[in-house]
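1. What follows is a predicted protein model with its sequence.
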Amino acid sequence: MSQSAGLSKTGVIKKQSHKQRQSNVMRNIVLLGIIVGVILPMIPQLLWSFSFRWYFPSLLPTELSSRAWVYVANPNSKILESFIVSLIIALSVTAIGIVVGVPAGKALGMYKFRGKELIELIILAPTIVPGLAVIMGIQILFIRFGLSDNIVGVIIVHLLPSLPYMIISMAGVFANYDPQFEEQARSLGANAIKTFYYITLPVIFPGIVVGAMFTFLISWSQYILTIMVGGGRVITLPVLLFSFAGSGDNAIASALSIIFVLPAIVILIVTSKYLSGKSGGMGGFGSI
Amino acid sequence: MSKRLTITLLLSPAILIIVTLFIGGFLFGLFQSFGYMPIIGQHDMSLDAYRNMFTDTKFFGSLFLTLWISLAATILTIIFAIITALAMRQTFKGRRIINFLYQFPITIPHLVIAVGAMLLFSQSGMFARIFYALGIISDQSQFPILVYDNLGIGIIYVYLWKQIPFMGLIVISILQSVGNDYEELARSLGANRWQTFRYVLLPLIVPGILPISIICFAYTFGSFEVPYLLGKPFPAVLSVLAYRLFEDVDLNARPEAMAMAVFIAVFISILVIFYKKLIKRITGRT
């Protein structure tokens, strides 16, 4: 009796492991697809940026050259300058985004109040209606008030598409935030600054990181709003990349792409752990 | 401090910025679409711009192309997001590296991938070269047109690359918050893997991603950069068409550009409101 039970038991285990293997194969195919799929559209830029001649149908560049990189590093090409301009704009947008977005996220995440749905609608509106469609109308005012053709106007206009993402991230973390901890800290004698630093900040930090990341990246990759308000005077990296991508100079377009991606990679390394579900940095986006 | 005052103070800076730029921009665009442009001495209002727009076949070609691209991109994003999320949530060797790779597209600007798509899929691109080397094609003109094409395949590709992980991470967080209990229960009751997925996991995932999928759709509908770079000059997507009218040296094209901008804003808003009502009905019933 016990022997037959033991047999059937091993039979079940064998059957399960067979099915398990099948599911592992499927999973590995999907994972391989992820690896190849993600890397694929970035390989040509790496090759092209070092190529001098690369005519069809050669599989690899026929002649290598550092021309594109020399051009990028040359101060006359203004590429490094545009990198700095992009950086100043994106960092300013992020700083303003945090200062303005954290309180707004707190209001939306922690309180129930009359008219909340309307406020949420206003904040979400720029994620639905493209910036192009509304900035087109207001561009004339930017010219009037001297905000066009300069960095200040570009920073202001970049806030429109990015601010909602900051607020959504913050509303997400504040929704899970228990204000009683704050009260307890205060009742134990901590002042407002200490309470914020030791109690509030650690809880909301993942939201700030994810929100800041989105804000920075939206500003960093913005092209059309920069062109409309910057009028071709504010030369950011995307503005240059766009003109080279259209010009057919694949080598320089590729080198620019790689430079354009660098901050994104640094940011991902810093923020990676906050993006995965557990810390809740992305939580706000599931409950829009 | 009263609660009401606290909330007002917390919200007002953000609301002020968004309302000024968004509502202000919309209203100014609306007035200009009626031909009201005091700066160049135009005070008469008319609906001419709208009449011109709605009688133009170019406009409808653009509208259908835009709808097609955003719909295809959104549906394919949802499908691939679910497939990849199901594979990613388990523990396996090298999970950390693949997890990092999976998040990678979220931070990469669309433009970079648009350039990549151009270099990969054009008729002189990497794939055409590989096909030639394998003897599948004997001339580059035989390679299918995948960028600057009629169906916007190159454009859709870029959106998929960007959006799948974004939605996938949301699916993963939904699956994590649900846990394995329902799934194990279904399996112990004799459901096979497909049934468990179809009747247990899918109904848990779908309500969670419906709201974000409309944001994907709306983003694709209005975005400019990728179709500007990878699209055909004609038909172009709506935002590209509107921008071309906007930068026309002839200021008489301005009202039509604004009419198109107003159309984009109103059309997408109506779609979203309609969609939200639909979601409520679907998720309310189950």
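-> Ah, there it is. Residues are numbered from 1 along each chain as shown, chains lettered A, B, ... in the order given.
2. So which residues of chain A form strands?
-> Listed in chain order, the strands of chain A (DSSP state E) span residues A:51-53, A:63-64.
3. pLDDT weak spots in chain B?
-> When residues are selected by pLDDT under 70, those of chain B lie in B:1, B:284-286.
4. For A:Ile89, give me its contacts.
-> A:Ile151, A:Val154, A:Ile155, A:His158, A:Ser219, A:Thr226, A:Val234, A:Thr236 (CB atoms under 8 Å, 6 or more residues apart in numbering or on different chains). For every residue, glycine as well, the C-beta is placed using N, CA and C.
5. Can you flag which of these belong to helices?
-> A:Ile151, A:Val154, A:Ile155, A:His158, A:Ser219, A:Thr226 (DSSP state H).
6. Which of these sits closest to B:Met167?
-> Sorting the ones in helices among the contacts of A:Ile89 by how near they are to B:Met167, with CB to CB, puts A:Ser219 at the top with 22.4 Å.
7. What score does the closest one have for pLDDT?
-> The score at A:Ser219 is 96. That number is its pLDDT.
8. wouldn't it be in contact with A:Val93 here?
-> Yes - A:Ser219 lies in contact with A:Val93 (CB atoms under 8 Å); the separation is 4.1 Å.
9. any shared contact partners between the two?
-> Overlap between the contact sets of A:Ser219 and A:Val93, as judged by CB under 8 Å, 6+ apart, is given by A:His158, A:Ser162.
10. Please name whichever of the strands of chain A is nearest to chain B.
-> Using CB to the nearest CB as the measure, strand A:51-53 is the one of the strands of chain A that comes nearest chain B, at 10.8 Å.
11. Of the ones in helices among the contacts of A:Ile89, which pair is most distant in space?
-> When CB to CB is used, the two most widely separated members of these are A:Ile151 and A:Ser219, lying 11.7 Å apart.
12. neighbour count winner among the two?
-> Neighbours around A:Ile151 and A:Ser219, counted as other CB atoms under 10 Å in any protein chain shown, are more numerous at A:Ser219. The numbers are 27 against 18.
13. For A:Gly231, list the residues it contacts.
-> Contacts for A:Gly231 (CB under 8 Å, 6+ apart) come out as A:Ser148, A:Asp149.
14. Hmm, I typed the wrong one, I wanted B:Met258.
-> Taking CB under 8 Å, 6+ apart, one finds A:Met136, A:Gly137, B:Gly29, B:Leu30, B:Gln32, B:Ser33, B:Ala49 in contact with B:Met258.
15. low-confidence ranges in chain A?
-> Judged by pLDDT under 70, chain A has its weakly predicted residues at A:1-17, A:276-288.
16. Tell me which residue is most central in it.
-> Most central residue of chain A, judged by C-alpha distance to the mean C-alpha position with CA atoms, centre = their mean, is A:Phe214 at 3.7 Å.
17. Same list (the ones in helices among the contacts of A:Ile89) but as TSV, adding distance to chain B.
-> Shown next, in TSV, are the ones in helices among the contacts of A:Ile89 (distance: CB to the nearest CB, whole Å):
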residue	distance to chain B
A:Ile151	17
A:Val154	13
A:Ile155	11
A:His158	10
A:Ser219	11
A:Thr226	11
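18. which one of the residues you listed is nearest A:Gln22?
-> Distances from the ones in helices among the contacts of A:Ile89 to A:Gln22 were compared by CB to CB; the smallest belongs to A:Ser219, at 46.3 Å.
19. For that closest one, give me its contacts.
-> Applying CB under 8 Å, 6+ apart to A:Ser219 gives the contacts A:Ile89, A:Ala90, A:Val93, A:Thr94, A:His158, A:Ser162.
20. Repeat the analysis, applying 10 Å as the threshold.
-> Contacts for A:Ser219 were tallied using CB atoms under 10 Å, 6 or more residues apart in numbering or on different chains; they are A:86-87, A:89-94, A:97, A:154-155, A:157-159, A:161-162, A:225-226, A:236.
21. Mark which of those residues are buried, thanks.
-> Among the contacts of A:Ser219, those that count as buried by neighbour count (16 or more other CB atoms under 10 Å in any protein chain shown) are A:86-87, A:89-94, A:97, A:154-155, A:157-159, A:161-162, A:225-226, A:236.
22. For the closest residue to A:Ala192 other than its chain neighbours, grab the count of nearby residues.
-> On the basis of CB to CB, 6 or more residues apart in numbering or on different chains, the spatially nearest residue to A:Ala192 that is not a chain neighbour turns out to be A:Arg186, at 7.8 Å. Burial of A:Arg186, expressed as a neighbour count using other CB under 10 Å, amounts to 14.
23. my guess is A:Arg186 contacts A:Thr200, does it?
-> No - in this structure, A:Arg186 is not within contact of A:Thr200 by CB atoms under 10 Å, at 11.2 Å.
24. which residues do those two both contact?
-> Common neighbours of A:Arg186 and A:Thr200, using CB under 10 Å, 6+ apart, are A:Ala192.
25. Tell me how far B:Leu71 lies from A:Ala212.
-> Separation of B:Leu71 from A:Ala212 (CB to CB, to the nearest Å): 32 Å.
26. Tell me which of those two has more neighbours.
-> Set B:Leu71 next to A:Ala212 and count neighbours by other CB under 10 Å: A:Ala212 wins out with 24 against 14.
27. which residues does the more buried one contact?
-> Applying CB under 10 Å, 6+ apart to A:Ala212 gives the contacts A:91, A:93-95, A:97-98, A:101-102, A:162, A:165-166, A:169, A:267, A:271.
28. With A:Asn28 instead?
-> Residues counted as contacts of A:Asn28 (CB under 10 Å, 6+ apart) are B:Ala87, B:Phe92.
29. Pull up the gap between it and B:Thr91, please.
-> 14 Å.
30. ok, B:Phe31 - how many residues close by?
-> Other residues within reach of B:Phe31, judged by other CB under 10 Å, total 15.
31. which element is it on?
-> Secondary-structure element containing B:Phe31, defined by DSSP states H and E: helix B:24-33.
32. how far is that helix from where the chain is centred?
-> Helix B:24-33 has its average C-alpha position 24 Å from the chain's average C-alpha position, going by CA atoms, centre = their mean, to the nearest Å.
33. List the buried residues in that helix.
-> Going by neighbour count (16+ other CB under 10 Å), the buried part of helix B:24-33 is B:Gly25, B:Phe26, B:Phe28, B:Gly29, B:Leu30, B:Gln32, B:Ser33.
34. Sweet, I'm off.
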